[in-house]
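K.L.:
show me the folded form of this:
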Amino acid sequence: LSCDWDPQAAVECKWSDACKCANANPGVDTNKFGAYYGKTCHAWDSEDCAGLWSGTAFWGNSTARNDWCCDQWCYVNGTCPLVDASSTISALKFSYAACNGTY
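P.N.:
Numbers count the residues shown, from 1 in each chain. Below you'll find the model as predicted:
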């Protein structure tokens with residue numbers, strides 16, 4: 001069994017449990033982001049993306065589309081090979097791939 005770096009292959013990979021939504025968001029500012037932010041698959045930033053991120057390095061210039069705001073994601077175990085580092089809490093890892101309907 002090969003663990004390729006794509007979501008479909010990861011389902012059968014030994015890492016697949018690590019790539020499931022963690023249902024936790026320790027350290028997240030729940031007053032700013034809400035109590036459920038990142039716990040499950042959802043486009044968490046879509047409702048107020050500009051309010052949360054404009055003026056930060058994550059917000060594109062005025063000609064950027066900032067499409068990432070509409071993407072579903074969740075926090076996952078840091079051992080998942082399909083993760084990105086969280087911009088809010090460095091110890092948290094998140095994954096778009098975990099929310100593509102495969103996991």
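
K.L.:
just to check, S95 is in contact with A85?
P.N.:
No: if you go by Cβ atoms under 8 Å, S95 and A85 don't touch, sitting 11.0 Å apart. In this view, the C-beta of every residue, glycine as well, is placed from N, C-alpha and C.

K.L.:
who's more crowded, these two?
P.N.:
Per other Cβ atoms under 10 Å, whichever of S95 and A85 has more neighbours is S95, with 26 against 11.

K.L.:
bridging across strands, which residues link to the closest residue to the more buried one other than its chain neighbours?
P.N.:
Closest residue to S95 apart from its sequence neighbours, by Cβ to Cβ, 6 or more residues apart in numbering: V76 at 4.6 Å. Residues in a beta bridge with V76, per DSSP bridges, are C21, K93.

K.L.:
next, count neighbours for V76.
P.N.:
Every residue meeting other Cβ under 10 Å relative to V76 is counted, giving 27.

K.L.:
hang on, it packs against C99?
P.N.:
No: counting by Cβ under 8 Å, V76 stays clear of C99, with 9.6 Å between them.

K.L.:
overlap of the contact sets of the two?
P.N.:
Any residue near both V76 and C99 by Cβ atoms under 8 Å, 6 or more residues apart in numbering counts here, and that gives C21.

K.L.:
how about low-confidence regions in the protein?
P.N.:
1-15, 49-68, 101-103 (pLDDT under 70).

K.L.:
number of nearby residues for P81?
P.N.:
P81 has 14 neighbours, counted by other Cβ under 10 Å.

K.L.:
please apply the same query to the one 5 residues further on.
P.N.:
Other residues lying near S86 total 17 when counted by other Cβ under 10 Å.

K.L.:
so what's it up against?
P.N.:
Contacts for S86 (Cβ under 8 Å, 6+ apart) come out as 38, 75, 92-94.

K.L.:
let's see 6 Å
P.N.:
Residues in contact with S86 (Cβ atoms under 6 Å, 6 or more residues apart in numbering) are 92, 94.

K.L.:
circling back to that earlier point, in this structure the residue nearest to S95 contacts A98, no?
P.N.:
Yes: counting by Cβ atoms under 6 Å, V76 touches A98, with 5.3 Å between them.
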